[in-house]
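In: below is the sequence, then the predicted model.
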Amino acid sequence: MHRLYEIFQSYWQPPLAVILLIITVVYAWNNQYILTLDQGIREEMAKKENLLGEQKILIKDIVQKKSPKRIAAIAKEKPQMTYPKPEQIIPIKSLHVD
């Protein structure tokens, strides 16, 4: 039994230490890599949330600016436009064929 222990110490101890060192280094590198990826994912998700919030604000702004009431108010106020008189309206025949 003592001889087996001596063989283990002399032949297997250095390679075993190197193998354990390699495993430890790979584990630490992998853990650091995963943490870096996790941080990157969190940052990208925060950017996505900010962009979605900005998109909602822009959609509301578009809806407000397309409002017929707003367009009519601008048309009356800014260039001093008015509604046409009945004699100024030219009827256009429909091109739709039934």
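Out: Perfect, I can see it now. If you're wondering where the values come from, they're calculated on a predicted model, not measured in any experiment.

In: now do the helix ranked longest in the chain: which elements does it pack against?
Out: Taking DSSP state H as the criterion, the chain has its longest helix at helix 13-65. Here helix 13-65 touches no other helix or strand, going by 3 or more Cβ pairs under 8 Å, 6 or more residues apart in numbering; DSSP states H and E. Every C-beta, even on glycine, is put in place using the N, C-alpha and C of the backbone.

In: low-confidence ranges, this protein, go.
Out: 1-2, 4-5, 7-13, 79-80, 94-98 (pLDDT under 70).

In: do that again at 90, thanks
Out: Residue ranges of the chain with pLDDT under 90: 1-19, 64-98.

In: go ahead and flag the most central residue of it.
Out: Lys48 (3.0 Å; Cα atoms, centre = their mean).

In: and Tyr83, helix, strand or coil?
Out: Assigned with DSSP: H, G, I helix; E, B strand; the rest coil, Tyr83 falls in the coil class.

In: so how far is Lys76 from it?
Out: Distance of Tyr83 to Lys76, given as Cβ to Cβ, to the nearest Å: 9 Å.

In: please apply the same query to Ala17.
Out: Ala17 is 88 Å from Lys76, by Cβ to Cβ.

In: neighbours of Asn30, how many?
Out: 10 (other Cβ atoms under 10 Å).

In: run the chain-centre distance for stretch 40-51.
Out: How far stretch 40-51 lies from its chain's middle: 6 Å, per Cα atoms, centre = their mean, to the nearest Å.

In: pull the CA atoms of it into CSV?
Out: Listed next in CSV are the C-alpha coordinates belonging to stretch 40-51 (Å, rounded to 0.1, in the frame of the first residue of the first chain):
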residue,chain,number,x,y,z
GLY,A,40,-24.1,43.2,-22.0
ILE,A,41,-27.5,41.6,-22.2
ARG,A,42,-28.8,43.8,-19.3
GLU,A,43,-27.4,46.9,-21.1
GLU,A,44,-29.0,46.0,-24.4
MET,A,45,-32.4,45.3,-22.7
ALA,A,46,-32.2,48.7,-21.0
LYS,A,47,-31.6,50.3,-24.4
LYS,A,48,-34.5,48.4,-25.9
GLU,A,49,-36.8,49.6,-23.1
ASN,A,50,-35.7,53.2,-23.7
LEU,A,51,-36.3,52.9,-27.4
